[in-house]
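[1] Show me the folded form of this:
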Amino acid sequence: MNFGELLADIYADLGYQAAPAAAEIARIKRYVNQGVRAVLAEPGMSRLLDSDAQLTVASVASQARYVLPEAVARINAITERTNDMSLLSRTLHDYRRLNPDPATSTGTPTHYVPIGKVAVAAQPSDASVLLVDSTAAGDTGTAYLEYLIAGGYRKTVSVSMTGATAVSFGAALGAVTIEDFYISAAAVGTVTLHEDVDGGTELARITIGQKRPRYFGYYLDPTPSAAVDYLIDYRREVLELVNDADEPPLPTDFHDLLSAYARMRHYEKQDDGRYTVAEKHYQKRLSQLKYATQTGPDELPVVGGRLIGRSRLGAWFEASHFTRG
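    Residues are numbered from 1 along each chain as shown. Model prediction:
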């Protein structure tokens with residue numbers, strides 16, 4: 001079921017003969033999206049967000065820091081086939097402690113260092129002018145830039161966008177570290193932050209419908225000494241269901257779980273006695289989803305902490321049960 005079909009199903013179950021008022025629609029849409037996050041927050045359920053596709057990122061000689069595009073929540077694994085290596089994960093704390101000057105430590109990376117969400121794909125290379133533009137004339141809101149100057153002091157500057165015509169955040173800001181870059185309204189086109197001149201080095205990109213970039217950053221350790229293609233397994237971010245054609249990241253047979261969650265939340269808000277029945281139905285379907293996704297076809301069921309199966313331990317032991325071992 002897509003988002004539109006889910007909403008129609010919920011409206012019908014709640015007794016609406018026609019589409020409810022706008023405020024009610026917004027509330028039910030919020031319930032559905034909260035339901036997605038509630039289900040995926042359950043132990044073991046986040047595996048549903050693991051992508052079976054791999055991202056390919058080429059290293060650059062003498063460059064330690066890299067970013068992945070939006071919708072990446074975490075790195076599951078990094079491998080490369082040039083040297084047939086699987087990189088190990090290392091914490092940022094250990095990376096700083098063991099490698100205080102990455103520029104002087106180059107070679108074939110053996111570790112990756114996830115640093116989570118970062119504001120920009122690259123920091124300014126020098127004390128340069130920064131400009132913002134869009135691929136759409138409709139992007140005329142305000143662009144904001146938050147940055148640190150020498151000494152760690154935070155400053156904010158803003159500028160009114162003029163669509164596809166690049167506008168500057170002002171004279172050179174000095175040697176800065178960008179902490180955040182965002183716009184006041186969802187992007188109509190692709191909004192980019194450039195260094196030095198219009199069309200210069202791209203530092204960040206805001207995609208259509210978003211208000212800020214969503215990069216996931218990481219380091220390669222040691223700093224690469226050559227260009228190598230790395231294959232990255234990753235976990236997707238939970239994205240909001242917005243358009244009618246959007247589909248939730250759950251198995252198709254369990255999309256109705258979100259309808260159950262929305263009904264439960266609706267009855268809870270209304271202090272409706274049907275809440276108890278709705279909550280039990282939701283929990284039942286959630287349990288069924290967990291069983292369906294976390295039990296493999298070759299796994300034996302567990303009863304009372306013991307696997308059900310034929311014992312091979314001899315006549316002195318139970319014939320039909322044996323422990324997990």
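
[2] Going by C-alpha atoms from here, please, whenever you check contacts or count neighbours.
    Fine.

[3] pLDDT weak spots in this protein?
    The model of the chain has pLDDT under 70 over residues 172, 175, 296-325.

[4] Mind giving me the packing neighbours of the helix or strand encompassing Tyr218?
    Using DSSP states H and E, Tyr218 falls within strand 215-221. The contact analysis (3 or more C-alpha pairs under 8 Å, 6 or more residues apart in numbering; DSSP states H and E) places strand 215-221 against strand 65-68, strand 72-80, strand 111-118.

[5] winner for burial among these?
    Ranked by mean neighbour count, these are led by strand 65-68 with a mean of 21 (mean count of other C-alpha atoms under 10 Å).

[6] I'd like to check what contacts it. Which residues are they?
    Contacts to strand 65-68, defined as C-alpha atoms under 8 Å, 6 or more residues apart in numbering, come from residues Ala121, Tyr215, Phe216, Gly217, Tyr218, Tyr219, Leu220.

[7] So which of those residues is the closest to Ser287?
    The shortest distance between Ser287 and any of those, using C-alpha to C-alpha, involves Phe216 and amounts to 32.3 Å.

[8] Run a quick neighbour tally on Leu14.
    Per other C-alpha atoms under 10 Å, the neighbour tally for Leu14 reads 13.

[9] Apart from its chain neighbours, what residue comes closest to it?
    Excluding its sequence neighbours, the residue lying closest to Leu14 (C-alpha to C-alpha, 6 or more residues apart in numbering) is Arg263, at 7.2 Å.

[10] So the one you found lies in a helix, does it not?
    Yes: with DSSP: H, G, I helix; E, B strand; the rest coil as the criterion, Arg263 is part of a helix.

[11] wait, what's in contact with the closest residue to Pro124 other than its chain neighbours?
    Residue nearest to Pro124 in three dimensions, not counting chain neighbours: Glu195, with 6.7 Å by C-alpha to C-alpha, 6+ apart. Contacts for Glu195 (C-alpha under 8 Å, 6+ apart) come out as Pro124, Ser128, Val129, Leu130, Leu131, Thr201, Glu202, Leu203.

[12] Please tabulate those in CSV, including the columns neighbour count, distance to Leu40 and secondary structure.
    Converted to CSV, the contacts of Glu195 look like this (neighbours: other C-alpha atoms under 10 Å; distance: C-alpha to C-alpha, whole Å; DSSP: H, G, I helix; E, B strand; the rest coil):
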residue, neighbour count, distance to Leu40, secondary structure
Pro124, 20, 37, coil
Ser128, 17, 43, coil
Val129, 18, 43, coil
Leu130, 25, 39, strand
Leu131, 25, 39, strand
Thr201, 16, 38, coil
Glu202, 20, 34, strand
Leu203, 19, 32, strand
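
[13] Which single one of these is nearest to Leu289?
    Lowest distance from Leu289 to the contacts of Glu195 (C-alpha to C-alpha) belongs to Leu203, with 41.9 Å.

[14] roughly how far apart are the closest one and Glu279?
    Remark: distance between Leu203 and Glu279 (C-alpha to C-alpha, to the nearest Å) = 47 Å.

[15] How about Thr190?
    Computed as C-alpha to C-alpha, the Thr190 to Glu279 distance reads 42 Å.

[16] cool, Gln63 as well?
    Distance from Gln63 to Glu279, by C-alpha to C-alpha: 52 Å.

[17] Where does Ala186 sit: helix, strand or coil?
    Per three-state DSSP, Ala186 ends up coil.

[18] Can you give me the first-to-last residue distance of stretch 132-143?
    Taking C-alpha to C-alpha, stretch 132-143 runs 8 Å from one end to the other.

[19] mind listing what's buried in that stretch?
    Judged by neighbour count (16 or more other C-alpha atoms under 10 Å), stretch 132-143 contains these buried residues: Val132, Asp133, Ser134, Thr135, Ala136, Asp139, Thr140, Gly141, Ala143.

[20] same check, this time on stretch 235-243
    Buried residues in stretch 235-243, counting neighbours by 16+ other C-alpha under 10 Å, are found at Arg235, Arg236, Val238, Glu240, Leu241.
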